[in-house]
Each structure stands twice: as structure tokens, then as C-alpha cells.
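Engineer: Have a look at this prediction, sequence included:
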Amino acid sequence: MREKFNIERIKRIIKWFYPGIGIKRWIGISVFGIVLLIVGAVTLEKETIFLLKILDIILIFLGIILLILGIIKAMHSFILFFFPELGKRKEFADIIYRRRQLKKGPEIVAIGGGHGLAVTLEALREYTSNISAVVTVADSGGSTGRLRQQFDILAPGDIRNCLVALADAPALMRKLFQFRFDSSSPELAGHNFGNLFITVMTQITGDFDKAIKESSKVLAIHGQVIPSTLNNVNLVAEYKDGSIVEGEARIPELRRPIHRVRLKPEDSEATQDALQAIQRAQIIIFGPGSLYTSIIPNLLVKQICEAIVVSDAVKVYVCNIMTQPGETDGFTASDHLRVLVDHSHSKIVDYCLVNTGTISQDLRERYKQDGSYPVVADTAKIRSMGYRTIEDNVIGISDNFIRHDPIKLSRIILGLIEEI
């Protein structure tokens, strides 16, 4: 048995010397460097002639250089095998150094969904790979809604956006995941390739959570994307007039003031990955994003809300810059915060980040046509509620849409971490 084991081990070693692997030459150079180093060291000790001693010292230095060169080049070959895309970049050492530094970054949990959460993740991925995005799976509109009905899976849309936001994959791969089919293919029209990919991966693995983790590997993401629950949930809204509607996509359509939202089923269990990430977190960020349909659904998972409340992390609510028609019509910053606190039944945040920058008149008019207006930064009222405020110009314009500026947002968040 031992003999068979040794033969198999020898065979595995020999495979490294097969033609085309690109490692034999560097192993050979390393071995040659060791030989020169040994010969130089041995003869230097015995040699009495000065010039020959100099020659021995040169052999030692040459051996060291060849040994280091062989090791570096062999490692390079190994790494390029697993990460071939790095071979096209000149800053190879910088990439390795950057990845090591990102692993030392702060532990951050970002909670929400939709495009707002993606902005937060894009802001932070340049500073740490210890990011956990806890994402709602209550989405029911568009491609996501159709896939949920047809395949009885959890909502992939917000998950996909977060995966792409954290991706370190080539730009073409990120574009592929965000590609949306048009009417030229009727059966696929409106579907997003990333949504279809996650759906297929769920069918293959038999598990939505595994599908996300495998998709994360494909996109080589910095951090992790975690569904807040693995229960197939729907969002239910109760309006102030007493009417009730079910389905995340339908909630803003009625354009009625919302009294409260809840999950169906209400006893949905949190994912263990989400709870562990919250326990490790140094800072927890809510939003930006749709208040009732992206951020709050995560807090309706009781275990997640409880874990956040007892966490020692700094907790920041990033308030939206503009009101959202059908959800937060006429809301000030303090109104946003009040609704967030009411749904969590506790003082769930420490800071409220509000925009104090000025929006151009052209953009105001364009948003006004959709019934959206700048959120009033009533910071004095927020402070009277017992919360601290962060006031700054965080406006960023992307494709003629108002967004939070990723650089400004990351500067503020990282500044809070430095104060911990």
C-alpha cells in the first residue's frame, strides 16, 4: 500500500515537468542557483587566494539571484494558470499587493437592494474586500417577477446588481451580466442575462444560496452577496386609507401614502451568513435606495433586525437625495428616518447622512415631471429625535440621473471607521 502511494506521488511530481506547463525552466534555474550558492559557500571557506575568494562571492550572489528569479517566475506561472487575465497587465505586483491590502480592510455590511445599494458597494470595493451586501429577495417586478412565477425561485434582480457592483471580472463579463434582451427575441424580451444565469445556476445546484456563491466565483467579486432570507417572500403594504396590496412592484403604483409594510410569510428566517456578517461588522450601512421596498424588507426579517440592534458596529442610514413617487412623496429626511425606526421598533441607527448639495434647475424640472423632488434636509429635527447627522454635498450625476457620488460616499464612511 505504501509503495503504491509513493508511486502515485512520484507520478504527480513528474506531471509538473510535462511540456507546455511553462515551469520546468524556472525550476531548473532555481536548482542551478542553489548549486552555485552551495559551491560558492563551500569553496569560499577553504579558499586562501584573494581573487578566487572574490570569484566565490560572485558565485554566491549569482546563485541567490538565480534562485530568487526562478522562484518568482515559477510563482508567476502558477498565478497566471488560475488568473490568466493578469497576464495582460504590467502592474502584476501592484495587483497582488492591492488584493492583500483589500483583505486587511474594514468589515462592512451594506443593507438594501436595487441600484442604490449597488452605488454603496461600488464606493467601498476600492478600499476593502470585507464587504457583505445583505439583499432583499422580495422584488417582484420585470424580469425578476417573471422568473419567480415561472421557476418558483427567489428574486435574482437585486442580487445580480450587487454581484456586478462588487465584481473584479473583466468589463465584458460585467456587461454580459447586465445585458437585457430586446423585442427581437420575444420569449426572452425584457429578461436580463444575469437573472437567467442565476436562475439556471439555481436549477443546476438545486439551491439559490449556492447559485449566488457560484456566480460570485464567476465574477470574482470583492466580498460577498447574501440574501436576507431564503424563504420565498412577498412584500405586503397597508396604506393609510386601510387598503392592502401584495407584491413589491405593485406597491408604488397606487400612489397612496403607505402606513406599513410587512413580509409574507412574516416568520421568515434569516440566513446564517447574514447574521455572521452583521456580528463581524465594524460599520453597517442602510441604503441609499427605495425605503419601503428595498431597505425595510431586510429589517422585517426579525433575526436580522435583532442582530443589528445588538451589534457594536457604527450604523449609518444614507438618506435618499430625491423623493420616490408612490413611496416617499413629500418626505423630508427625518420622515425617512422615522419610518425606518418605526419598522424596526428600535433605535437601529446612529447617524443619518443627508445631502446638503444644490441640484441644478434643469434636473429639478426633469424629476418634477415624474413627481420626484429633492429631500429636505431637516437636520435639526433629526437631532431632536436623538440621532446624529452627517451633512454634506454627496450629489453625483450618472447618465443624467441623480445618484450618490461613490467617492464622496466612501470618504464619509471610511472617515467614520477611522473614528471607531
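Structural biologist: Received it, and whenever you're ready, just let me know what you need. Numbering: from 1, shown residues only.

Engineer: how about the strands in the protein?
Structural biologist: Here the chain has its strands, by DSSP state E, at 108-112, 131-135, 224-227, 234-239, 244-246, 258-264, 283-286, 314-318, 351-355, 388-392, 395-398, 401-404.

Engineer: would you turn the ones you listed into TSV with distance to Gln149?
Structural biologist: To be clear about C-beta, it is placed using only N, CA and C from the backbone, and glycine gets the same treatment. As requested, the strands of the chain are arranged in TSV below (distance: least, Cβ to Cβ, whole Å):
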stretch	distance to Gln149
strand 108-112	24
strand 131-135	20
strand 224-227	18
strand 234-239	11
strand 244-246	13
strand 258-264	16
strand 283-286	29
strand 314-318	32
strand 351-355	37
strand 388-392	41
strand 395-398	32
strand 401-404	29
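
Engineer: Out of those, flag the one nearest Tyr292.
Structural biologist: Closest of those to Tyr292 is strand 258-264, at 5.2 Å (criterion: Cβ to Cβ).

Engineer: what's the closest one in contact with?
Structural biologist: By Cβ atoms under 8 Å, 6 or more residues apart in numbering, the residues outside strand 258-264 that reach it are 138, 233-240, 246, 251, 292-293, 296-297, 300-301, 327, 342-343.

Engineer: that older thread, for the strands of the chain, could you give me TSV that also reports mean pLDDT?
Structural biologist: Formatted as TSV, those follow (pLDDT from 0 to 100):
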stretch	mean pLDDT
strand 108-112	96
strand 131-135	96
strand 224-227	96
strand 234-239	96
strand 244-246	96
strand 258-264	96
strand 283-286	96
strand 314-318	97
strand 351-355	97
strand 388-392	97
strand 395-398	89
strand 401-404	92
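
Engineer: picking that back up, filter the contacts of strand 258-264 down to the buried ones.
Structural biologist: Neighbour counting with 16 or more other Cβ atoms under 10 Å marks 138, 233-237, 239, 251, 292-293, 296-297, 300-301, 327, 343 as buried within those.

Engineer: any idea which of these is closest to Pro265?
Structural biologist: Nearest to Pro265 among the buried ones among the contacts of strand 258-264 is Val233, at 6.9 Å by Cβ to Cβ.

Engineer: how about the nearest residue to Asp168, chain neighbours excluded?
Structural biologist: Distances taken as Cβ to Cβ, 6 or more residues apart in numbering put Ala220 closest to Asp168, at 4.4 Å, once the chain neighbours are dropped.

Engineer: Quick check: the gap between Ile417 and Lys347.
Structural biologist: Between Ile417 and Lys347 the distance is 21 Å, computed by Cβ to Cβ, to the nearest Å.

Engineer: So for the two, which residue has more residues nearby?
Structural biologist: Counting neighbours by other Cβ atoms under 10 Å for Ile417 and for Lys347 shows that Ile417 has the greater number, 17 against 12.

Engineer: For the more buried one, which non-adjacent residue is closest in space?
Structural biologist: Using Cβ to Cβ, 6+ apart, the nearest residue to Ile417 is Pro106, at 4.8 Å.

Engineer: can you pull the contacts of the one you found?
Structural biologist: 127-128, 130, 282-283, 414, 417.

Engineer: Okay, now the unreliable bits of this protein?
Structural biologist: The chain contains residues with pLDDT under 70 at 1-24, 47-48, 50, 75-101, 170, 418-420.

Engineer: domains in it, as residue ranges please.
Structural biologist: Residue ranges for the domains of the chain, per automatic domain parsing: 2-82, 101-419.

Engineer: okay, those, which one's buried deepest?
Structural biologist: Sort the domains of the chain by mean neighbour count, taking mean count of other Cβ atoms under 10 Å, and domain 101-419 sits at the top with a mean of 19.

Engineer: chain center to that domain, what's the gap?
Structural biologist: Here the centre of domain 101-419 is set off from its chain's centre by 12 Å, with Cα atoms, centre = their mean, to the nearest Å.

Engineer: out of the strands of the chain, which comes closest to Val375?
Structural biologist: Proximity to Val375, assessed across the strands of the chain by Cβ to Cβ, is greatest for strand 351-355 (7.1 Å).

Engineer: Would you mind extracting the C-alpha trace of that closest one into PDB?
Structural biologist: Coordinates of each C-alpha in strand 351-355 appear next as PDB, following Å, rounded to 0.1, in the frame of the first residue of the first chain:
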ATOM      1  CA  TYR A 351     -26.100  58.500  12.100                       C
ATOM      2  CA  CYS A 352     -28.300  59.900   9.300                       C
ATOM      3  CA  LEU A 353     -26.300  61.000   6.200                       C
ATOM      4  CA  VAL A 354     -28.200  63.800   4.400                       C
ATOM      5  CA  ASN A 355     -27.400  65.700   1.200                       C
END
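
Engineer: Can we start the residue count at 151 from this point?
Structural biologist: Sure, I'll start counting at 151 from here, so that last one is strand 501-505.

Engineer: in its sheet, what does it sit against?
Structural biologist: Note on strand 501-505: by DSSP bridges, its sheet partners are strand 464-468 (parallel), strand 538-542 (parallel).

Engineer: neighbouring contacts of the first one?
Structural biologist: When contacts are taken as Cβ under 8 Å, 6+ apart, the neighbours of strand 464-468 outside the stretch itself are 270, 432-438, 458, 486-487, 490, 498-503, 540, 554, 559, 563, 566-567, 569-570.

Engineer: Then the last one?
Structural biologist: When contacts are taken as Cβ under 8 Å, 6+ apart, the neighbours of strand 538-542 outside the stretch itself are 466, 500-507, 527, 529, 532-533, 558, 562.

Engineer: Closest one of the residues you listed to Gln300?
Structural biologist: The nearest member of these to Gln300, counting by Cβ to Cβ, is Val466 at 38.0 Å.

Engineer: Across the sheet, point out what pairs with that closest one.
Structural biologist: Val466 forms beta bridges with Ile435, Tyr501, as assigned by DSSP bridges.

Engineer: Out of the strands of the chain, which gets nearest to Pro336?
Structural biologist: Checking the strands of the chain against Pro336 by Cβ to Cβ gives strand 384-389 as the closest, at 27.6 Å.

Engineer: by contact count, what packs against that closest one?
Structural biologist: strand 394-396, strand 408-414 (3 or more Cβ pairs under 8 Å, 6 or more residues apart in numbering; DSSP states H and E).

Engineer: before we move on, back to that, what's the closest of the contacts of strand 538-542 to Ile545?
Structural biologist: Gly507 (4.2 Å).
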